[in-house]
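Colleague: Generate a structure from the sequence data that follows.
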Amino acid sequence: MLTLEQAIENILTLELKTAEGAKTYNLVLNFDTIIKAEGVTGINFAVPFNWQKLSAANLSVILWASMLKYHPEVTLENVREWIPPANYADIFAALIELCHPKFLERCLEAYKKTEAGENQPSPV
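Modeller: Numbering: from 1, shown residues only. Got it, this is the predicted structure:
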């Protein structure tokens with residue numbers, strides 16, 4: 001038997017500062033968000049490794065989709081105008097952490113072990 005519990009909604013708050021002032025947005029990544037983003041990009045964001053080499057265009061789509069639950073008035077064009085390329089890495093890290101908690105941390109740990117020779121395949 002499979003028992004599922006509804007998870008507490010994990011919300012990331014994004015503060016966007018513009019010439020007109022600051023505005024706060026609540027971001028949510030759930031299956032609805034993932035399906036909306038997949039419909040635009042063709043990428044299944046529920047699979048952590050599909051986030052590798054994510055283009056700026058696709059990152060802007062998942063950011064936009066994550067805003068829709070609480071901010072349906074926001075358009076993809078708005079998101080692309082608001083976010084400078086210099087923020088790509090920070091947005092990527094925040095969104096993947098929201099969707100796949102501790103995934104980047106586990107990848108870094110695995111990388112360090114590989115570099116230290118701990119994850120090397122047996123030569124036999």
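
Colleague: give the contact list for residue 41.
Modeller: Contact partners of residue 41, counting by CB atoms under 8 Å, 6 or more residues apart in numbering, are 57, 58, 61, 62. Just so you know, the C-beta spots here come from the backbone N, C-alpha and C atoms, and that holds for glycine as well.

Colleague: Next SSE downstream of the helix or strand encompassing residue 88?
Modeller: Element membership for residue 88, per DSSP states H and E: helix 88-99. Per DSSP H and E, helix 88-99 leads on to helix 103-115 as the next helix or strand towards the C-terminus.

Colleague: so how far is that following helix from its chain's centroid?
Modeller: A distance of 18 Å separates the C-alpha centroid of helix 103-115 from that of its chain, computed with CA atoms, centre = their mean, to the nearest Å.

Colleague: try stretch 101-117
Modeller: On the basis of CA atoms, centre = their mean, stretch 101-117 is displaced by 19 Å from the centre of the chain it belongs to.

Colleague: Using PDB, write down the CA coordinates of that stretch.
Modeller: Presented in PDB, the C-alpha positions along stretch 101-117 are these (Å, rounded to 0.1, in the frame of the first residue of the first chain):
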ATOM      1  CA  PRO A 101      15.900  20.000  -2.200                       C
ATOM      2  CA  LYS A 102      19.600  19.300  -1.500                       C
ATOM      3  CA  PHE A 103      20.200  18.000  -5.000                       C
ATOM      4  CA  LEU A 104      23.000  20.400  -5.700                       C
ATOM      5  CA  GLU A 105      24.500  19.600  -2.300                       C
ATOM      6  CA  ARG A 106      24.500  15.900  -3.000                       C
ATOM      7  CA  CYS A 107      26.100  16.500  -6.500                       C
ATOM      8  CA  LEU A 108      28.900  18.500  -4.900                       C
ATOM      9  CA  GLU A 109      29.500  15.800  -2.300                       C
ATOM     10  CA  ALA A 110      29.600  13.200  -5.000                       C
ATOM     11  CA  TYR A 111      32.000  15.300  -7.100                       C
ATOM     12  CA  LYS A 112      34.300  15.800  -4.100                       C
ATOM     13  CA  LYS A 113      34.400  12.100  -3.500                       C
ATOM     14  CA  THR A 114      35.200  11.400  -7.100                       C
ATOM     15  CA  GLU A 115      38.000  13.900  -7.000                       C
ATOM     16  CA  ALA A 116      39.400  12.300  -3.900                       C
ATOM     17  CA  GLY A 117      39.200   8.900  -5.600                       C
END
